[in-house]
Every structure is written in C-alpha cells, then in structure tokens.
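Asker: Give me the fold of what follows.
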Amino acid sequence: MTEGYKTLWLAAIDGPIPEEEARIYWNVKEDPTPVLDAALRRADYLYVGSWGARHESEGLQSGRCPAVRIFDWLFFKGTIDRYQALLLDEELLSRLMELSQPRPGDLPTGDVPPTGFDVFLRHNAGRYLLPEEAPPA
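Answerer: Reported below is the predicted structural model:
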C-alpha cells in the first residue's frame, strides 16, 4: 500500500447502534462507543479498495474509483437525517452494486477488484453496514 492512501473495508454488524454512538463514529471522535466496539469485533469484513487524494473529487462528480464512491455514499446516508449504521436491504444492496462498477473516468488504483462483493452483501442482508479502515486487530 502506498503511503497516503486510504483503505475501505465494509463491516457488517448484527444490529443498529445507538444514535449517539453513530454520531461519535461518523465524526471520528475519541469518545467511548461500547455497543459499536463490541459489534465491530463480531462483524464480518470485506476489503473493498484503496485510494489516494487524486481519486477524491471536489466537484459534483462522485469519486474517481469505486471505493471512494462507496465510502462517500455510506457517509452521506449514515449522516443525513440522523446518524446511523445503514440497514443492508435490497435498495442499499442494489445501490452498492451500482457504485462498485468501474466508470470510464475512473483513475487506476492498483487494487484488484474485490472478489465476492455481491456474495458478501447478499450473505449479510439484514445486517448493518459501516465503512472501516481495517478490521480490528
């Protein structure tokens, strides 16, 4: 992994998390989140990809690689209206599959596209998704 790159893993957790803990999570605060921490230790994880600053977009265009688009969408949906982990229902599954597809304007990342992305999503339907930099040690 090249220095300065961000990584995206999807964490599928068993249930919703308290809104206050979700607020702490999405705002990257250091406050304790015992319910979330326990859920992340039990979660299923899938590596999605990595990206550097050149893959991020300041304009209306959504990220220049699938991992950025997926992270941006999860962040948007996890913080709009209320702070939450997102229920992996058919609508979210469909949207994530769409976002995971390469687009003509994408920049190379050096990542091999994740195998089993759709299998992971279908296997974890009904659980809640959060983006993580890495699974817990």
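
Asker: Surely residue 105 and residue 65 touch.
Answerer: No - look at residue 105 against residue 65 with C-beta atoms under 8 Å: they stay out of range, at 9.8 Å. Glycine gets a C-beta too; all of them are placed from N, C-alpha and C.

Asker: Looking only at neighbour counts, state which of the two leads.
Answerer: Using other C-beta atoms under 10 Å, the more surrounded residue of residue 105 and residue 65 is residue 65, with 24 against 9.

Asker: What about residue 132, how many residues nearby?
Answerer: Counted with other C-beta under 10 Å, residues neighbouring residue 132 total 18.

Asker: ok, residue 20 - contacts?
Answerer: The neighbours of residue 20, taking C-beta atoms under 8 Å, 6 or more residues apart in numbering as the test, are residue 83.

Asker: what's the single longest helix in this structure?
Answerer: Longest helix in the chain, counting residues (DSSP state H): helix 66-79.

Asker: strands paired with the following helix or strand past it, and their directions?
Answerer: On the C-terminal side of helix 66-79, the nearest following helix or strand under DSSP states H and E is strand 86-87. Applying DSSP bridges, strand 86-87 is found paired with strand 128-132 (antiparallel).

Asker: who touches the partner strand?
Answerer: With contacts defined as C-beta under 8 Å, 6+ apart, strand 128-132 is touched by 8-17, 25, 40, 45, 70-71, 74-75, 78, 85-88, 92.

Asker: Kindly report the same for stretch 30-39.
Answerer: 13-15, 17-18, 21-22, 24-25.

Asker: closest to residue 50 among those residues?
Answerer: Top of the list for closeness to residue 50, among the contacts of stretch 30-39 and by C-beta to C-beta, is residue 25 at 20.6 Å.
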